[in-house]
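# got a sequence here, can you build the structure:
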Amino acid sequence: QNDNCSGSECGIKSGRILKIILCVSFHLSFPMENESEFAPPNSKQEALGFDSEHLLRTENIPFDIDNWYPRIADFTFETAFLPLSRSEARAIVRYHWHVHMARGQFTTADATHLEALEARIDEAIETNPQLAASGVFMRLCGRSPKDADPLDRERVRREYCAALDSIAHEQKGPSVESNTQGVDTATTEGASVNELEQKMLAAARVGVMRCHTGADVMSLLLSSERVYSDMLDWLWYGEPEQVVLRAWEPNLSLDFEFRLYVHEGKLTAISQYDHYVRYSHLFALKGMLQRRMIELWTQIHPRIGVESYGMDLVYLKETDEFKCLELSPFLRCTGAHCFRWGKAEDVDVLEGRAPFEFRLVETTVPNFSSMFATGWDQRWAPERDTPPFWTHYQTTGRRWALDSLRFARRLSRNYGGLKIITVVAAAATVAAAVFLGPRLTNHELLLKYAGSTAIVAGLIASVAKLSQPSNAFDGTKSSQYLFVYGTLKRGMQWHSKFLSFGATYVGRAHTKEFFPLVVGSSGVPYLLYDMIGEGHSVQGELFLVESDTLHGLDEYEGVSKSYYARPEITVCAENMTEPILASVYCMMQSPSALRKLPPLIEYTIPLHRQRYRACEHIELKQKLYLAGKTPYTHRGARHPAISVASDAQPPRMFTPIQPHIVNEE
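Numbers count the residues shown, from 1 in each chain. Purely as a prediction, here's the structure:
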């Protein structure tokens, strides 16, 4: 800077200089990315031919949380969905390779993607009052990262000690002795049932997975093998993921979690979720719990859209209410808990051929006290603590700068724009004077120029722009027009998940030719390409989509599985003077049953909200995909053959069938 620069000019120049410094110096240096490393090891069909992670994922997809949450949001916890880009998924995988496996390449671009993801997560939490107040439970669409390490492991140890003392006081008995590190020092041999219950309840009360910031969430994402596996499955075989942020419930306790089994519309059984430990207090409440879970299930079942599944419920004692936690498929890969898939008499109960049962654990699993205490102590031992995730791709200086910017943005969102930025800038100037001043030879020059809040504000604005999420469409990349007419339209269930990245909205549009647009019993619309000339000029929306995003959409729409094709058709956009060619996902060879359905001009948002049942829709797609394959962990069985024509039936009502209670306790 020279003495003739005005404050605003100095701020702009300082911002440019700092941007260069941050890009060149503050990131650790890594080689450029190489996309060929994500070629799948097996074809999709080969991966379904054995008990692979992909097979398990494929069977479970209809019950991903983003399928069922919109239909039963009133019966579960507040949830926000954060779509991931394919670039972010690659960055997460490369981080695991680089840090946990000492292999592969982690690029500067990967580090930038992870920083942007952390910033997006921060914003998603801070702009949702309920999530900001409670903290969040983070998971992916299919499962949670139970194997992950939280950012603050010391907090886990403190909470465990506090929970042990609290539970002992509630039960009016002595607490299990624990040292200052939260590690049980009592001998596990001969441990009493009361001690075991205290340990289990204490562990269940520890907020191991509780997150308040993007950094908390990133620590889980980047330390979980489950996350790594699911990201690879997406990149290899095309099953997209989202970061799911659920409102944290501090009163949720493992002893009050239960799994309901529903087979062909009938509630057949209920099991205590924790099938290792006997909780004596549950037996006196068994009748009440059973009655109220059945009542809640009868309200939820008609909304789900499939006949067979598992449902996890939790009873919140403090508020005297039940909440739905999870849905899962009714398959042998689903945990049977107090039942056993290998016992014929249990299978008869679960599949409704025997009377309904509600099972609680009668006797704690032998030696479980020793197994639990050892496992807990080993996992949370201080010597297993590791450096924070960010140290593998950020310098301390960059971390400090980005944390300061996040703090400034948080204050700005909460208390208002430029004024708070100016206050933060002034505070940063004072801090610079205090901490850097003694190291400089000309203190007056420091205060004269660094004291200018315009300079500091310029620095903050420049770095803030650097660290903001990059969701914008990149016109320099290969792209093409895509016409959408159904669930990918704005305001519908799958728009955010698939078109938040690498796509820009062009405007409303309609097809030049006529096509039948029909709606199946699952509520999903089909455009019948082989019936061109019939139906109507279909109304929809036009997007310009990058090739990488389009590749992900091809996988979702089942192009490689012959579910849909993506030909080009002529469309007329409202803000274009001439018709253009655009890709469209459609059915090239439609069954006669679909052709008989009444054609629509447009699939509207009211129709979508009334008719669309994602679980039913995705289950149909996966059944087509899995037909003839051996189910996961169920040798000797086969997934049945099915046709898309089955979706041409009238909408089903899904009336719940009450369980036959032989002996209600």
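# surely residue 273 and residue 252 touch.
No - the pair residue 273 / residue 252 is not scored as a contact, 11.4 Å apart, by CB atoms under 8 Å. C-betas here are computed from N, CA, C, even on glycine.
# any low-confidence regions in this protein?
When residues are selected by pLDDT under 70, those of the chain lie in 1-36, 172-194, 196-197, 369-370, 373, 413-477, 660, 662-665.
# now with 50?
1-33, 174-191, 193, 418, 437-438, 440-441, 443, 445-455, 463-470, 664-665 (pLDDT under 50).
# give me the longest helix you can find in the chain.
Criterion DSSP state H: the longest helix present in the chain is helix 281-304.
# who's in contact with residue 643?
Residues in contact with residue 643 (CB atoms under 8 Å, 6 or more residues apart in numbering) are 591, 624.
# phi first, then psi, for it.
phi -120, psi 150 (degrees, to the nearest 10).
# OK, contacts around residue 256?
Per CB under 8 Å, 6+ apart, neighbours of residue 256: 282, 314-317.
# out of these, which end up buried?
By neighbour count, with 16 or more other CB atoms under 10 Å, those hold 282, 314-315 as buried.
# closest one of the contacts of residue 256 to residue 658?
Among these, residue 315 lies closest to residue 658 (CB to CB), at 20.3 Å.
# could you find the closest non-adjacent residue to that closest one?
Once flanking residues are discounted, residue 315 sits nearest to residue 256: 4.2 Å by CB to CB, 6 or more residues apart in numbering.
# again, but for residue 588
Setting aside the residues directly before and after it, residue 588 is nearest to residue 565 in space (CB to CB, 6+ apart), at 4.5 Å.
# so that neighbour bridges to which residues?
Applying DSSP bridges to residue 565 gives these bridge partners: residue 586.
# ok, now which ones touch it?
Contacts here follow CB under 8 Å, 6+ apart; on that basis residue 565 touches 529, 559, 585-588.
# now it: how far from residue 648?
The spacing between residue 565 and residue 648, counted by CB to CB, to the nearest Å, is 19 Å.
# likewise residue 207?
48 Å.
# which residues in the stretch 251-400 of the chain form strands?
In the stretch 251-400 of the chain, the strands defined using DSSP state E, counting those that start in this stretch lie at 257-263, 266-272, 309-316, 321-328, 357-359.
# residue 124 should be in a helix, yeah?
Yes - residue state for residue 124 (DSSP: H, G, I helix; E, B strand; the rest coil) corresponds to a helix.
# so it makes contact with residue 130?
No - Residue 124 is beyond contact range of residue 130, at 11.9 Å (criterion: CB under 8 Å).
# which one of the two is surrounded by more residues?
More crowded of residue 124 and residue 130, by other CB atoms under 10 Å: residue 124, with 19 against 13.
# residues touching that one, list them.
With contact set as CB under 8 Å, 6+ apart, residue 124 has these partners: 80, 82, 131, 245.
# can you count the residues close to the first one?
This points to residue 80. When neighbours are counted by other CB under 10 Å, residue 80 registers 18.
# so it bridges to which residues?
Residue 80 has these beta-bridge partners by DSSP bridges: residue 245.
# burial count for the closest residue in space to residue 354 that isn't next to it in sequence?
Nearest non-adjacent residue to residue 354, counting by CB to CB, 6+ apart: residue 348, 4.1 Å away. Neighbour count for residue 348, taken as other CB under 10 Å: 13.
# what's the answer for residue 490, then?
Close neighbours of residue 490, defined as other CB under 10 Å, add up to 13.
# how close does it get to residue 128?
Distance of residue 490 to residue 128, given as CB to CB: 20 Å.
# so for residue 195, which of the strands of the stretch 251-400 of the chain sits nearest?
Once those are compared by CB to CB, strand 266-272 is nearest, at 19.8 Å.
# how far does that closest one sit from its chain's centre?
Distance of strand 266-272 from the chain centroid (CA atoms, centre = their mean, to the nearest Å) equals 27 Å.
# try stretch 498-505
18 Å.
# now that stretch - C-alpha only, CSV.
Taking Å, rounded to 0.1, in the frame of the first residue of the first chain, the C-alpha atoms of stretch 498-505 are listed here in CSV:
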residue,chain,number,x,y,z
PHE,A,498,-30.5,-33.3,-7.7
LEU,A,499,-30.5,-29.7,-9.2
SER,A,500,-28.9,-27.6,-6.4
PHE,A,501,-25.5,-28.0,-8.0
GLY,A,502,-24.3,-27.7,-11.6
ALA,A,503,-27.7,-26.5,-12.9
THR,A,504,-29.3,-23.2,-13.6
TYR,A,505,-33.0,-22.5,-14.1
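# thought residue 509 was touching residue 538?
No - between residue 509 and residue 538 there is no contact under CB under 8 Å: 9.4 Å.
# quick revisit: so residue 207 and residue 648 - more neighbours on which side?
Using other CB under 10 Å as the criterion, residue 207 and residue 648 rank with residue 648 on top: 20 against 17.
# report how many residues lie close to the residue nearest to that one when sequence neighbours are not counted.
Distances taken as CB to CB, 6+ apart place residue 593 nearest to residue 648, at 3.5 Å, with adjacent residues excluded. Look at residue 593: counted by other CB under 10 Å, it has 16 neighbours.
# quick check: phi and psi on residue 593?
Residue torsions, per degrees, to the nearest 10, at residue 593 are phi -60, psi -40.
# ok, it touching residue 587?
No - counting by CB under 8 Å, residue 593 sits too far from residue 587 to count as a contact (11.9 Å).
# first-to-last residue distance for stretch 528-540?
One end of stretch 528-540 sits 15 Å from the other (CA to CA, to the nearest Å).
# what about the residue lying closest to residue 605 once chain neighbours are set aside, which SS state?
Leaving aside its sequence neighbours, residue 605 sits nearest to residue 491 (CB to CB, 6+ apart; 5.2 Å). Using three-state DSSP, the structure places residue 491 in coil.
# neighbours of residue 491, how many?
The tally of other residues near residue 491 (other CB under 10 Å) stands at 10.
# ditto for residue 576
Applying other CB under 10 Å, we find 14 residues neighbouring residue 576.
# can you check residue 364 too?
Considering only other CB under 10 Å, residue 364 is surrounded by 16 other residues.
# sorry, back to before: same list (the contacts of residue 124) but as a markdown table, adding distance to residue 632.
Compiled in a markdown table, these are given as follows (distance: CB to CB, whole Å):
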| residue | distance to residue 632 |
| --- | --- |
| 80 | 30 |
| 82 | 28 |
| 131 | 34 |
| 245 | 28 |
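# and those, which two are furthest apart?
Most distant of those, by CB to CB, are 82 and 131, 11.1 Å apart.
# joint contacts of those two?
Counting by CB under 8 Å, 6+ apart, the contacts common to residue 82 and residue 131 are 124, 245.
# quick one, which of these two is more surrounded?
residue 131 (23 against 20).
# once you drop chain neighbours, what's closest to that one?
Spatial nearest neighbour of residue 131, chain neighbours left out: residue 125 (5.0 Å); criterion: CB to CB, 6+ apart.
# okay, how far is it across stretch 146-156, tip to tip?
Using CA to CA, the end-to-end distance of stretch 146-156 comes to 14 Å.
# now do stretch 566-580
End-to-end distance of stretch 566-580: 16 Å, with CA to CA as the criterion.
# which residues in the stretch 551-665 of the chain form strands?
Here the stretch 551-665 of the chain has its strands, by DSSP E, counting those that start in this stretch, at 568-573, 580-584.
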